[in-house]
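*Asks:* below are the sequence and a predicted model; questions follow.
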Amino acid sequence: MNPNTDSIISKVWGFCTTLRDDGVGYGDYLEQLTYLIFLKMADEYSRPPHNRKIGVPAEYSWPTIKKLKGAELEVHYVTVLRELANRPNILGQIFTKSQNKIQDPAKLARVVEMVDQTEWVTMGADVKGDIYEGLLEKNAEDTKSGAGQYFTPRALIQVMVECLRPLPEKTIADPACGTGGFFLAAYDYLTKNPTLNKAQKTFLKKETFYGHEIVANTRRLCLMNLLLHNIGEIDGESCVSSTDALIADNGKRYDYVLANPPFGKKSSMTFTNDEGEEEKDDLVYNRQDFWATSSNKQLNFLQHIRTMLKTTGQAAVVLPDNVLFEGGVGETVRKKLLENTDLHTILRLPTGIFYANGVKANVLFFDNKPAAKTAWTKEVWYYDYRTNIHHTLKRKPMCAEDLADFVTCYHPADRHKRKETWHPEKNPEGRWRKFTHAEILARDKTSLDTFWLKDQSLADLDNLPDPKDLGEEIVENIEAGLNNFRAVLAALGA
């Protein structure tokens, strides 16, 4: 990076630290930066050589903000946020439910000054993106904010995209897109193709990505993240919908779906009872295109993602363990998935890689198929990257290199050339193994929850993991158990 870039990053991060001392967290700081950078970029685009009309009324434009100080600035800033929330397209989505979280007018003025000193439109997308992504990750690390549930480890996203290998002029969707991590990874992958022509580059920027995000703050962060990475137009329509993706099938079909639906087993809605108190009720989606009706959020997302795909569509989806073994509706959904798609790969993930504690998850890779008399899934290939694997977010985070062997085994160039690394005699510790459709159907409840490796920490006391790793794993398992007990209590109406 050049010295000017380093200076900008230092300012952004340095001021974040100053505001934290005043009780303004990463999330609140990120929100205010989003509003202010958007307005500064809109002002830059309104001037030569761009001369674009972004839709920001003159009385609420950037020049009206930067000339004020003190109480006048605070009052005007609050007015700007309120008024722009009513505008159409991306502008309105960025400012939906916006609030000023920097109560000290002097510090607000300093943030305005910092944003004003930078030419954001001409700055490289990689620099802008690095600044914003860094803040998003810091926000996710703040467990109190709850933002971690919207942040998928970037190493995992990169590997999922690398396996799917999206092609130019194809559509990519995410029904719960959070801050847009999957879109950015796919965009980076596609832009590395040196043969992209002008039409393909335009399609990539304006027509490739489609998402849903119902949380207003997360949606605004996603839109800003995309804009700073040069995806979409500042004065265009939003590629991220505010509607609940599960409510109905909107009829649109996509070439690829990359997703990590929100953690939490139950779909629910909040309502006010007769006493004026807020209560939650299980939310069941009655959709004719679903194989089974359930209040299980994960099973609903899995069914919805299959609906979203074109007949030739491909998906890579992060889902928790319960989707692999849960009975009743879960068994029905698994059987239908095996029949109607080619569920060719399952990557079993270790604990300690997500910001939400105690999460045991997997990546399901499947290709959609047209109706047929026989099941499309002939065999499911498993890569066990969980047994005897220990990661922690701070001391030993998972990197893309950790999954390099999985990518090699996956064989993205031609899945039909795969070879097992597991062998009952020659290599019983091999992590790459296939099971036939018949073998899976023979399992209780058509369970996809399959293990074959020995847990060395149980088999050999001399090979126990680091005590800190072991302690963190115990905490995660206890928290995962508590979450399951809470779900049971909620179901009982406790």
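*Replies:* That came through fine. Numbering: from 1, shown residues only.
*Asks:* where do the strands sit along this protein?
*Replies:* 172-174, 209-212, 240-241, 254-259, 268-272, 278-282, 309-320, 341-348, 361-368, 379-384, 432-436 (DSSP state E).
*Asks:* of all the ones you listed, which one is nearest Gln32?
*Replies:* Nearest to Gln32 among the strands of the chain is strand 240-241 (20.3 Å), distances taken as C-beta to C-beta. C-beta here means a position set from N, CA and C on the backbone, and glycine is covered the same way.
*Asks:* for the closest one, what is the average pLDDT?
*Replies:* For strand 240-241, mean pLDDT is 95.
*Asks:* do stretch 425-432 as well
*Replies:* Rounded mean pLDDT across stretch 425-432 is 95.
*Asks:* swap in stretch 26-35?
*Replies:* Summarised as a single mean, pLDDT over stretch 26-35 is 87.
*Asks:* pull out the buried positions in that stretch.
*Replies:* 26-35 (16 or more other C-beta atoms under 10 Å).
*Asks:* what do you get for stretch 161-177?
*Replies:* Residues of stretch 161-177 classed as buried by neighbour count (16+ other C-beta under 10 Å): 161-164, 166, 168, 170-177.
*Asks:* low-confidence ranges, the stretch 151-300 of the chain, go.
*Replies:* Where the stretch 151-300 of the chain drops to pLDDT under 70, the residues are 264-282.
*Asks:* which one of the buried residues of stretch 161-177 is nearest to Pro194?
*Replies:* Closest to Pro194, out of all of those and judged by C-beta to C-beta, is Pro168, at 11.7 Å.
*Asks:* quick one, what contacts that closest one?
*Replies:* 190, 193, 196, 200, 203-204 (C-beta atoms under 8 Å, 6 or more residues apart in numbering).
*Asks:* among those residues, name the ones in helices.
*Replies:* Among the contacts of Pro168, the members falling in helices (DSSP state H) are 190, 200, 203-204.
*Asks:* separation between Ile37 and Asn197?
*Replies:* Applying C-beta to C-beta, to the nearest Å, the value for Ile37 to Asn197 is 31 Å.
*Asks:* which one's more surrounded, the two?
*Replies:* Taking other C-beta atoms under 10 Å, Ile37 and Asn197 do not tie; Ile37 has more neighbours (21 against 10).
*Asks:* now that one: how far from Gly92?
*Replies:* Distance from Ile37 to Gly92, by C-beta to C-beta: 17 Å.
*Asks:* please convert the buried members of the contacts of Pro168 into ChimeraX selection syntax.
*Replies:* Selecting only the buried entries of those in ChimeraX, with 16+ other C-beta under 10 Å as the criterion:
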select :190,196,200,203,204
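*Asks:* hang on, the earlier thing: looking at the buried residues of stretch 26-35, which is nearest Leu108?
*Replies:* Ranked by distance to Leu108 (C-beta to C-beta), these are led by Gln32 at 7.7 Å.
*Asks:* show me what contacts the closest one?
*Replies:* Listed by C-beta under 8 Å, 6+ apart, the contact partners of Gln32 are 100-102, 108, 111.
*Asks:* again, but for Asn100
*Replies:* Neighbouring residues of Asn100 by C-beta under 8 Å, 6+ apart: 32, 74, 77-78, 81, 108.
*Asks:* can I have the buried ones of these as a PyMOL selection?
*Replies:* With 16+ other C-beta under 10 Å as the criterion, this PyMOL line picks the buried residues out of the contacts of Asn100:
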select buried, resi 32+74+77+81+108
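*Asks:* now distance to Val127 too, for the contacts of Asn100, in a markdown table please.
*Replies:* Converted to a markdown table, the contacts of Asn100 look like this (distance: C-beta to C-beta, whole Å):
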| residue | distance to Val127 |
| --- | --- |
| Gln32 | 20 |
| Glu74 | 30 |
| Tyr77 | 26 |
| Val78 | 30 |
| Leu81 | 27 |
| Leu108 | 24 |
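*Asks:* now, which of the contacts of Asn100 sits nearest Thr122?
*Replies:* Gln32 (22.5 Å).
*Asks:* run the chain-centre distance for stretch 190-197.
*Replies:* 24 Å (C-alpha atoms, centre = their mean, to the nearest Å).
*Asks:* thinking again about what came up before, name the nearest of the buried residues of stretch 26-35 relative to Met224.
*Replies:* Set against Met224, the nearest of those by C-beta to C-beta is Thr34 (4.5 Å).
*Asks:* now that closest one: closest residue in space that isn't a chain neighbour?
*Replies:* Met224 (4.5 Å; C-beta to C-beta, 6 or more residues apart in numbering).
*Asks:* what is the neighbour count of the one you found?
*Replies:* Applying other C-beta under 10 Å, I find that Met224 has 26 neighbouring residues.
*Asks:* now do the contacts for it.
*Replies:* 34, 37-38, 94, 132.
*Asks:* redo that, cut-off 10 Å
*Replies:* Contact analysis of Met224 by C-beta atoms under 10 Å, 6 or more residues apart in numbering lists 30-31, 33-35, 37-38, 41, 90, 93-94, 128, 132, 136, 179-180.
*Asks:* now do Ser135, the pLDDT please.
*Replies:* Quick fix: residue 135 is Leu, not Ser. With respect to pLDDT, Leu135 has a value of 79.
*Asks:* please disregard the earlier target; I meant Ile8.
*Replies:* 69.
*Asks:* domain assignment for this protein?
*Replies:* With domains defined by automatic domain parsing, the chain comprises 3-129, 136-491.
*Asks:* if we can go back for a sec, now, the most widely separated pair of the buried residues of stretch 161-177?
*Replies:* So, those by C-beta to C-beta: farthest apart are Pro168 and Ala176, at 25.1 Å.
*Asks:* buried ones in stretch 320-338, by neighbour count?
*Replies:* For stretch 320-338, the neighbour count (16+ other C-beta under 10 Å) marks 320-326, 329-338 as buried.
*Asks:* how long is it from one end to the other?
*Replies:* Counting by C-alpha to C-alpha, to the nearest Å, you get 18 Å between the two ends of stretch 320-338.
*Asks:* identify the residues contacting Thr64.
*Replies:* 39, 56-58, 73, 76-77, 79-80.
*Asks:* quick one: Lys53 from Asp235, how far?
*Replies:* Look at Lys53 and Asp235: by C-beta to C-beta, they are 7 Å apart.
*Asks:* hmm, I was thinking of Pro428
*Replies:* Distance from Pro428 to Asp235, by C-beta to C-beta: 60 Å.
*Asks:* try Leu135
*Replies:* According to C-beta to C-beta, Leu135 and Asp235 sit 24 Å apart.
*Asks:* quick one on the thing from earlier: what subset of the contacts of Thr64 is buried?
*Replies:* 39, 56, 73, 76-77, 80.
*Asks:* among those, which are in helices?
*Replies:* Reading helices off the buried ones among the contacts of Thr64 with DSSP H, I get 39, 73, 76-77, 80.
*Asks:* of those residues, closest to Gln314?
*Replies:* Among these, and counting by C-beta to C-beta, the member closest to Gln314 is Leu39, at 39.0 Å.
*Asks:* can you tell me the number of residues neighbouring the closest residue in space to Val318 that isn't next to it in sequence?
*Replies:* Leaving aside its chain neighbours, Val318 sits nearest to Asn260 (3.8 Å; criterion: C-beta to C-beta, 6+ apart). By other C-beta under 10 Å, the residues close to Asn260 number 27.
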